[in-house]
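Chemist: Just need the structure, nothing else, for what follows:
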Amino acid sequence: MDCIFCKIITGEIPSNIVYEDDQILAFHDIAPQAPVHVIVIPKQHIQSANEINEFNSPLIAKVFEAIPKIAKKCGLENGYRVITNIGEDGCQTVKHIHFHILGGKKMTEKMA
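Modeler: Below you'll find the model as predicted:
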């Protein structure tokens, strides 16, 4: 598989890791769109949110259990945004489910 996030998980591609456990990896985005921009991924390859099912949804729940811990570690005490992109029209550039934690400033209400 030629997935950049899978290569980050295996260490083939270096990253600035913020959080890691046996199922989840979080690292700083290389092209941040906010003062804090962290990518959170499950270590199991799931292509997108469209691929979540009864078998892998417990893993996605673990991702969301980790997000507040990651946000706190990054100093996001006053709030943050969590985003996932799905498919071409959703601008999903890496076909491995991932969640963006954006914060460190007051976010605008506009989403698109």
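Chemist: ok, and what's touching the biggest strand by length in the chain?
Modeler: Longest strand in the chain, counting residues (DSSP state E): strand 36-42. By CB atoms under 8 Å, 6 or more residues apart in numbering, the surrounding residues in contact with strand 36-42 are 5, 8-9, 18-19, 23-29, 56, 59-60, 62-63, 66-67, 70, 74-76, 80, 96-104. Every C-beta, even on glycine, is put in place using the N, C-alpha and C of the backbone.
Chemist: so what strands line up beside that strand?
Modeler: Strand pairing for strand 36-42, using DSSP bridges, gives strand 24-28 (antiparallel), strand 99-103 (antiparallel).
Chemist: Let's have those strands in JSON lines, adding distance to residue 13.
Modeler: Output for the strands paired with strand 36-42, formatted as JSON lines (distance: least, CB to CB, whole Å):
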{"stretch": "strand 24-28", "distance to residue 13": "10"}
{"stretch": "strand 99-103", "distance to residue 13": "18"}
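Chemist: Tell me which of the ones you listed approaches residue 34 most closely.
Modeler: Among these, the nearest to residue 34 by CB to CB is strand 99-103 (4.1 Å).
Chemist: Can you give me the buried ones in the closest one?
Modeler: Going by neighbour count (16 or more other CB atoms under 10 Å), the buried part of strand 99-103 is 99, 100, 101, 102, 103.
Chemist: avg pLDDT for it?
Modeler: Averaging pLDDT along strand 99-103 gives 97.
Chemist: how distant is it from the center of its chain?
Modeler: Distance of strand 99-103 from the chain centroid (CA atoms, centre = their mean, to the nearest Å) equals 7 Å.
Chemist: Kindly report the same for stretch 63-74.
Modeler: With CA atoms, centre = their mean, you get 10 Å for stretch 63-74.
Chemist: With just CA atoms, put that stretch into CSV.
Modeler: C-alpha atoms of stretch 63-74 as CSV (Å, rounded to 0.1, in the frame of the first residue of the first chain):
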residue,chain,number,x,y,z
VAL,A,63,-9.7,8.3,18.3
PHE,A,64,-12.4,10.6,19.7
GLU,A,65,-11.5,9.6,23.3
ALA,A,66,-7.9,10.6,22.6
ILE,A,67,-8.7,14.0,20.9
PRO,A,68,-9.4,15.9,24.1
LYS,A,69,-6.2,14.6,25.6
ILE,A,70,-4.3,15.7,22.5
ALA,A,71,-6.0,19.1,22.6
LYS,A,72,-5.1,19.6,26.2
LYS,A,73,-1.5,18.6,25.6
CYS,A,74,-1.4,21.2,22.8
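Chemist: That concludes my questions; thank you for your assistance.
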